[in-house]
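> One predicted model, sequence on top.
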Amino acid sequence: MNEPANDNALPYTLHRGEALAVLASMPSESVDAVIADPPYGIDFQSSWTIGPRRKPKIANDLRPFIWFAPEIARVLKPGGGALVFTRYDVEADFRRALQLAGLTVKGQVIFDKVGHGMGDLTGDVAPQHENIIFATKGRFRWPGQRLKSVVRFPRVPPSQLVHPNEKPVALLEHLVDHLCPAGGVVLDPFAGSGTTGVAALKTGRRFIGIEMVPEIYEIADARLLALLPQDPTRLFEHRFAPESGDVPGRVT
């Protein structure tokens, strides 16, 4: 990874690399909130498109990717919170991993996607929701209103997907706004197309993201750069004041 010439210019850091390696390089107790959408371990490949337009399989998705749990527990500040997307059949694996890492699993949020997905069209229920585990490090207090256990946002239409597991920006704005204090730092160790980062910047937070797939990383980077004004040092100048003055910058 090459450091940019001016690493104080932007309110986000986007790492291109493997999540565990990048997390290991991060300082302990350095982020206020974590929102993660790890590989569920279901060898997923989207069936919304076929042929050359079909989205590739998710990387590292042969088994539940639980090994990030100790690292997010380490980098979270005391009193910080984490929201981890999962699915009903592997949720127990992620809950146990978070608990073994020292976090306290406090509850569950149901993301109602309004429209249902495909799956087994003749022998299973139509999947319309995802589970989100809520875990904390020590005594957590909501910075504003308490997050409700059911959130309802329309999923991204298949024709607009740039990542097979892309979440709607409105959902992530809602989660970031409830979980992270104003001006705080949100970490997404599986950044994908950058939706969490977009939500963080749009709600006045700073963002650290990690993405290992080069093509997806470029999409995320472009989405985040598109939010910046011509003079990025003035971004959010009236919305937050970093404690040390060190605003994260791009890492490529």
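That came through, no problem.

> For the stretch 51-200 of the chain, just list every one of the helices.
69-75, 91-100, 169-179, 195-202 (DSSP state H, counting those that start in this stretch).

> tell me the mean pLDDT over the one helix or strand Leu224 maps to?
Using DSSP states H and E, Leu224 falls within helix 214-225. The pLDDT scores in helix 214-225 average 93.

> between it and helix 195-202, how many degrees?
10 degrees (axes from the mean of the first three to the mean of the last three C-alpha atoms, to 10 degrees).

> so what secondary structure elements neighbour helix 214-225?
Here helix 214-225 touches strand 12-16, helix 195-202, strand 206-211, going by 3 or more C-beta pairs under 8 Å, 6 or more residues apart in numbering; DSSP states H and E. Using the backbone N, CA and C atoms, a C-beta is placed for each residue, glycine as well.

> got the CA positions of the first one in CSV?
Presented in CSV, the C-alpha positions along strand 12-16 are these (Å, rounded to 0.1, in the frame of the first residue of the first chain):
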residue,chain,number,x,y,z
TYR,A,12,-11.8,8.7,4.9
THR,A,13,-9.2,5.9,4.5
LEU,A,14,-9.8,3.2,2.0
HIS,A,15,-7.4,0.3,2.2
ARG,A,16,-6.9,-2.1,-0.7
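
> Can you point out the buried residues in the following helix or strand past it?
Counting by DSSP H and E, the element after strand 12-16 in chain order, helix or strand, is helix 19-25. Neighbour counts over helix 19-25 (16 or more other C-beta atoms under 10 Å) mark 19-20, 22-23 as buried.

> Same check on stretch 196-206?
Buried-residue list, stretch 196-206, by 16+ other C-beta under 10 Å: 196-201, 203-206.

> for stretch 164-182, same thing?
Buried residues in stretch 164-182 (16+ other C-beta under 10 Å): 164-169, 171-181.

> Next: stretch 90-106.
Applying 16+ other C-beta under 10 Å to stretch 90-106 flags 90-91, 93-95, 97-98, 101, 103, 105 as buried.

> Format these as CSV; extra columns: distance to Ala36 and pLDDT.
Shown next, in CSV, are the buried residues of stretch 90-106 (distance: C-beta to C-beta, whole Å; pLDDT from 0 to 100):
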residue, distance to Ala36, pLDDT
Val90, 14, 93
Glu91, 14, 95
Asp93, 14, 95
Phe94, 9, 96
Arg95, 13, 97
Ala97, 11, 97
Leu98, 10, 98
Ala101, 12, 98
Leu103, 12, 98
Val105, 14, 98
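
> which one of those residues is nearest Ala220?
Ala220 has its nearest neighbour among the buried residues of stretch 90-106 in Phe94, at 23.1 Å by C-beta to C-beta.

> residue contacts, that closest one?
Contacts for Phe94 (C-beta atoms under 8 Å, 6 or more residues apart in numbering) come out as 38, 64, 66, 69, 84, 86, 133.

> and which of these is nearest to Val125?
Looking across these and measuring by C-beta to C-beta, the closest to Val125 is Thr86, at 17.6 Å.

> Which residues does the closest one form beta bridges with?
Asn131 (DSSP bridges).
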